[in-house]
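Trainee: My questions concern the predicted model and sequence given below.
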Amino acid sequence: MKLLNAIQKHAELQPQTAAFHSQGRSLTYQELWESSDRAAASIQKSMAGQPEAPVLVYGHMEPEMAVSFLGSVKAGHPYIPVDTSIPADRILKIIENSGAELLINVSGLPLDTGSHLIKTVSPEELLSNGEGPISRDHWVKEHETFYIIYTSGSTGNPKGVQISARNLQSFADWICADFPIGEGKTFLNQAPFSFDLSVMDLYPCLQSGGTLHCVTKDAVNKPKILFEELKQSGLNVWTSTPSFAQVCLMDPAFTEELLPEAKVFMFCGEALPTSVAQALLERFPQAKVFNTYGPTEATVAVTSVEITPEVIEQNEFLPVGFEKPDMDILIMDEQGNKLPDGEKGEIIISGPSVSKGYLGEPELTDNVFFFHEGQPAYRTGDAGYKENGQIFCQGRLDFQIKLHGYRMELEEIEFHVRQSQYVRSAVVIPYQPNGAVEYLIAAIVPDDHEFQKEFQLTSAIKKELATFLPAYMIPRKFIYQDHIHMTANGKIDRKRIGEEVLV
Ligand code: AMP
């Protein structure tokens with residue numbers, strides 16, 4: 001695989017260059033290559049006889065995450081990145097659904113895998129149990145799965161998007177060729193590895209011989225530490241959600257002076273507000289700002305556009321841009337007819353970036369994946385239109401939302417709220433006063449309980465939810481009602497509930 005060959009070449013030609021930097025720890029290209037070879041040999045030993053089983057890698061942004069990812073694919077196994085922010089019960093569902101046979105716990109935190117027979121190893125055990133180099137014959141092949149990222153699913157269970165080596169290579173080649181990045185640059189990694197936005201920096205960085213500079217969630221939560229770290233980073237390529245940049249922009253110190261080498265800002269994962277793009281162009285006059293768009297199912301991003309002052313002037317809502325050259329993006333109506341320019345419909349993505357589907361979920365896969373003119377295609381569920389070759393994304397056709405860059409299905413959250421022993425029925429409503437979702441509100445009909453005060457009930461429900469859902473999926477506000485409104489045809493009347501809870 002070209003990506004792995006490129007990393008190997010960097011390990012030979014620039015062995016001492018830092019490939020990965022996180023929490024004050026660095027990993028050179030030589031260390032990354034040799035350690036991942038040892039990890040691969042060790043993974044092969046542990047997983048003999050299970051050629052297809054994925055490896056679950058649990059941690060945050062430790063250098064051993066990258067070693068484990070590469071070790072897995074060099075051993076011919078896909079990996080599943082699982083961030084430490086994911087609660088244990090959700091991880092159990094991921095283990096169950098994926099059939100993962102090995103868990104590399106790089107976090108140093110305890111993780112209870114319940115009754116699952118999955119073998120757990122620490123990075124130290126992993127590295128002491130194998131000898132490199134490993135033959136490239138074992139590497140994951142073009143059509144095999146490279147990674148599996150679990151996203152929110154409407155049935156209450158996360159679903160695993162399988163991304164092949166070919167999908168990923170096509171993506172990494174596009175970023176390296178079509179964006180003004182060059183070689184040997186320092187990239188920001190802000191997104192946890194369980195979120196595919198992280199792929200936008202990790203692999204283009206490694207393919208182009210750059211250094212990945214991770215800012216951990218601890219740093220993100222402490223602006224002083226974050227800014228100190230950014231100042232030291234020397235970063236050239238900024239990749240994040242627009243929300244993260246928006247938070248940084250609240251501090252007047254977030255300027256070219258803080259990041260004098262920042263030349264490219266790349267955004268994906270949610271709508272880029274005009275105000276964010278405008279402020280960045282003003283504060284970083286040397287830099288270029290790109291808006292990109294795509295779902296995990298089509299490997300991170302499939303459109304892009306440089307946001308210039310002219311683009312801002314011409315558009316109230318920014319476009320998501322032009323297709324990646326090997327992709328075809330269509331707008332279709334509900335019957336699957338292709339719509340002409342300017343007409344609004346569902347955004348359909350087709351081409352080599354599209355995943356083969358959800359692991360172990362043929363029905364869910366058939367619902368949204370199909371073939372279009374011989375190419376794999378995916379129904380995004382996003383509303384949009386095309387004009388002069390540019391795509392405009394106008395939000396969702398269903399209940400999937402984005403909150404601070406995190407993708408989630410309201411139905412999944414509702415499913416878990418309704419499971420609570422204190423809840424008879426519930427609806428989750430996004431609070432979005434100006435278009436973007438600011439937080440979630442749960443409207444609840446409570447079951448019998450012994451709490452005197454509503455806040456006690458809320459905290460009991462939140463406590464239960466925390467065992468299933470990551471913190472970012474737990475509603476912030478809880479409102480108690482005596483019944484849930486229905487429409488005339490018996491559906492939950494979300495509109496009416498929304499109007500009531502939002503007054
Ligand atoms: P994820 O799979 O987490 O990357 O989420 C994919 C979804 O995020 C897409 O289907 C869109 O709804 C939304 N999204 C991603 N990028 C953009 C963008 N640039 N503008 C608007 N929405 C976006």
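Mentor: Sure, I can see it. Note that the structure is a prediction, hence the values are computed from the model and not measured.
Trainee: The helix or strand containing Tyr378 - what's its average pLDDT?
Mentor: Applying DSSP states H and E as the criterion places Tyr378 in strand 375-387. Averaged over strand 375-387, pLDDT sits at 95.
Trainee: One more: stretch 12-31?
Mentor: Across stretch 12-31, pLDDT averages out at 96.
Trainee: What residue in the stretch 351-500 of the chain comes nearest to the ligand?
Mentor: Residue of the stretch 351-500 of the chain nearest the ligand, by C-beta to the nearest ligand atom: Arg407 (3.3 Å). The way it works is simple: take the backbone N, C-alpha and C, and place the C-beta from them, glycine included.
Trainee: Got the confidence number for that residue?
Mentor: Reported pLDDT for Arg407: 89.
Trainee: Next, count neighbours for it.
Mentor: With neighbours defined by other C-beta atoms under 10 Å, the count for Arg407 comes to 18.
Trainee: In which helix or strand does the closest residue to Gly132 other than its chain neighbours reside?
Mentor: If the residues on either side of it in the chain are set aside, Gly132 comes closest to Asp37, at 2.8 Å by C-beta to C-beta, 6 or more residues apart in numbering. Here Asp37 sits within helix 29-46, counting by DSSP H and E.
Trainee: pull the CA atoms of that helix into CSV?
Mentor: The C-alpha coordinates for helix 29-46 follow below in CSV (Å, rounded to 0.1, in the frame of the first residue of the first chain):
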residue,chain,number,x,y,z
TYR,A,29,9.5,7.8,12.0
GLN,A,30,12.1,5.1,12.7
GLU,A,31,10.4,4.4,16.1
LEU,A,32,7.0,4.4,14.5
TRP,A,33,8.0,2.0,11.8
GLU,A,34,10.0,-0.4,13.9
SER,A,35,7.6,-0.5,16.8
SER,A,36,4.6,-1.1,14.5
ASP,A,37,6.5,-4.0,12.9
ARG,A,38,7.0,-5.5,16.4
ALA,A,39,3.3,-4.8,17.2
ALA,A,40,2.3,-6.5,13.9
ALA,A,41,4.4,-9.6,14.7
SER,A,42,2.8,-9.8,18.1
ILE,A,43,-0.7,-9.3,16.8
GLN,A,44,-0.2,-12.1,14.3
LYS,A,45,0.9,-14.4,17.1
SER,A,46,-2.2,-13.5,19.2
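Trainee: And that helix, what's buried?
Mentor: The neighbour-count check on helix 29-46 (16 or more other C-beta atoms under 10 Å) flags 29-44, 46 as buried.
Trainee: now do stretch 161-179
Mentor: Residues of stretch 161-179 classed as buried: 161-176, 179 (neighbour count, 16+ other C-beta under 10 Å).
Trainee: related to what we said a few turns ago, what's the first helix or strand after the strand holding Tyr378?
Mentor: Scanning forward in sequence from strand 375-387 by DSSP H and E, the next helix or strand is strand 390-396.
Trainee: in that following strand, what's buried?
Mentor: Applying 16+ other C-beta under 10 Å to strand 390-396 flags Gln390, Ile391, Phe392, Cys393 as buried.
Trainee: Within reach of the ligand, which of those residues are there?
Mentor: Among the buried residues of strand 390-396, proximity to the ligand is found for Cys393 (C-beta under 6 Å from any ligand atom).
Trainee: can you list the buried residues of strand 390-396 in TSV and add pLDDT and distance to Ser98?
Mentor: Formatted as TSV, the buried residues of strand 390-396 follow (pLDDT from 0 to 100; distance: C-beta to C-beta, whole Å):
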residue	pLDDT	distance to Ser98
Gln390	96	37
Ile391	97	32
Phe392	95	36
Cys393	92	30
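Trainee: Against the ligand, how distant is the residue nearest to the spatial centre of the chain?
Mentor: Taking C-alpha atoms, centre = their mean, the centroid of the chain lies closest to Phe195, which sits 2.2 Å from it. Note on Phe195: its distance to the ligand, by C-beta to the nearest ligand atom, to the nearest Å, is 6 Å.
Trainee: element containing that residue, please.
Mentor: Per DSSP H and E: nothing holds Phe195, as it lies in no helix or strand.
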